[in-house]
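> Quick check, what structure comes out for this input:
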Amino acid sequence: METEIYPNVRLNRLRQNEGIRKMLNNPIPRPEKFMWPVFIKEGIGLKEPVKTLPGQFYYSVDQVCQDIKKVFEQGVKSILIFGVIEDKLRSNNAEYSYNENGLVQRAIKKIKQEFPDLVIFADVGLTGYTKTGHSHITDEKGNFDNDISLEIIKKVALSYAKAGASGVAPCGMIDGQVKELRKILDKNGYKKVILMSYSTKFDTHCCRVFPLPRLDFSKTHKEYLTSHQNKNLAIRESLLDEKEGADILMVKPGLFYLDILAEIRRRTNLPIATYNVSGEYAMIYGMIEKGFAELDGLVKESLIALNRAGADIIISYWANQYEKIFKLEK
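Numbering: from 1, shown residues only. As a prediction, the model looks like this:
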């Protein structure tokens with residue numbers, strides 16, 4: 001109708017000054033919406049820069065709490081732990097991954113002791129523990145074995161729960177992982193442990209700078225990760241994990257898959273996390289280093305985009321820099 005267009009409709013009325021803009025804008029994601037990925041490495045007194053991720057570090061168990069304290073004080077109340085072990089501890093069946101005195105298990109106990117109110121998630125994946133560097137166990141012919149892999153990650157999740165983890169995050173896209181982990185946790189009295197599934201995890205070039213070594217590229221990850229060209233299967237992956245009993249769904253990566261994130265948000269009432277992955281972080285950080293972008297400009301815009309698309313939780317390497325990024329927001 002004539003009254004619904006210019007000159008009767010003037011949208012600049014709704015953006016004419018800062019007070020009006022702020023009143024009508026969606027809220028900035030608060031720090032408690034962020035989860036910080038933390039890399040634990042064997043050693044003593046270790047705080048080693050991650051070369052591919054400026055501003056991030058590998059920590060020994062005795063050093064990690066110092067930086068967690070700084071992040072916690074910014075208002076970020078959750079972390080996601082990854083273990084970086086020595087090559088000699090890798091094996092065909094990833095036995096070290098569920099060692100109750102293993103690296104991640106010790107880290108969980110230490111961090112829980114220091115920060116009882118911190119929400120601690122642990123990545124349940126075999127990539128860092130297998131000789132091949134894959135999230136699945138391979139048989140004698142080199143084929144991925146879904147069912148054996150499932151039995152291993154059940155042991156991993158249980159060991160993390162025993163150590164005191166608030167939640168476990170299976171990342172291997174192993175068929176049946178959510179259902180079986182929920183069963184084993186409940187059976188052993190860990191009904192309160194949250195299950196955050198990497199439910200839609202893409203085979204992406206954005207993770208090439210992820211700071212865990214992948215040793216064998218003779219076999220492709222395409223067999224168990226989701227194709228970025230198959231939207232329907234990507235969405236189906238998350239909806240199936242919901243049926244299996246996931247408490248939180250996840251889309252990984254985030255920025256390249258806002259359409260997937262928004263569509264899954266439309267189809268579920270579960271909380272949704274998105275992983276703002278290493279490649280996305282490194283690209284934006286590179287622009288900042290070259291003077292093409294600002295920390296509180298492009299970074300802020302990208303994180304708001306993830307929130308706007310439907311993410312309840314943003315897993316991001318920017319989490320330990322929250323105050324700098326959102327320094328002007330009150």
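
> Could you measure from Leu126 over to Ser97?
As judged by Cβ to Cβ, to the nearest Å, Leu126 and Ser97 stand 6 Å apart. Bear in mind the C-beta positions are built from the backbone N, C-alpha and C, glycine included.

> With neighbour numbers in mind, choose between the two.
Ser97 (28 against 23; other Cβ atoms under 10 Å).

> if we can go back for a sec, could you name every residue contacting both of Leu126 and Ser97?
Shared contacts of Leu126 and Ser97, defined by Cβ atoms under 8 Å, 6 or more residues apart in numbering, are found at 152, 156.

> How many neighbouring residues does Arg21 have?
The burial count for Arg21: 11, using other Cβ under 10 Å.

> Asp123 too?
Asp123 is flanked by 23 other residues according to other Cβ under 10 Å.

> need the helices for the stretch 51-200 of the chain, in chain order.
All helices of the stretch 51-200 of the chain, identified by DSSP state H, counting those that start in this stretch, fall at 64-73, 103-114, 146-163, 177-187.

> Kindly reformat those as JSON lines containing distance to Tyr322, mean neighbour count and mean pLDDT.
Shown next, in JSON lines, are the helices of the stretch 51-200 of the chain (distance: least, Cβ to Cβ, whole Å; neighbours: other Cβ atoms under 10 Å; pLDDT from 0 to 100):
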{"stretch": "helix 64-73", "distance to Tyr322": "8", "mean neighbour count": "16", "mean pLDDT": "97"}
{"stretch": "helix 103-114", "distance to Tyr322": "19", "mean neighbour count": "20", "mean pLDDT": "98"}
{"stretch": "helix 146-163", "distance to Tyr322": "26", "mean neighbour count": "21", "mean pLDDT": "97"}
{"stretch": "helix 177-187", "distance to Tyr322": "30", "mean neighbour count": "19", "mean pLDDT": "98"}
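
> Out of those, which is closest to Ser227?
Proximity to Ser227 (Cβ to Cβ) singles out helix 146-163 among the helices of the stretch 51-200 of the chain, at 17.9 Å.

> in the chain, which segments are predicted with low confidence?
The model of the chain has pLDDT under 70 over residues 1-2, 213-220, 328-330.

> Repeat the analysis, applying 50 as the threshold.
Scanning the chain with the threshold set as pLDDT under 50 gives 215, 217-218, 330.

> just how off-centre is stretch 62-72 within its chain?
Put simply, stretch 62-72 sits 19 Å off its chain's centre (Cα atoms, centre = their mean, to the nearest Å).

> What of stretch 14-30?
Counting by Cα atoms, centre = their mean, stretch 14-30 comes out at 29 Å from the chain centroid.

> neighbouring contacts of that stretch?
With Cβ under 8 Å, 6+ apart as the test, stretch 14-30 has contacts from 75, 303-304, 306-308, 314, 326, 329.

> Apply 7 Å and report the result again.
With Cβ atoms under 7 Å, 6 or more residues apart in numbering as the test, stretch 14-30 has contacts from 75, 303-304, 307-308, 314, 326, 329.

> what about the nearest residue to Met196 once chain neighbours are set aside, neighbour count?
Leaving aside its chain neighbours, Met196 sits nearest to Ile248 (3.9 Å; criterion: Cβ to Cβ, 6 or more residues apart in numbering). Residues lying near Ile248 (other Cβ under 10 Å) number 20.
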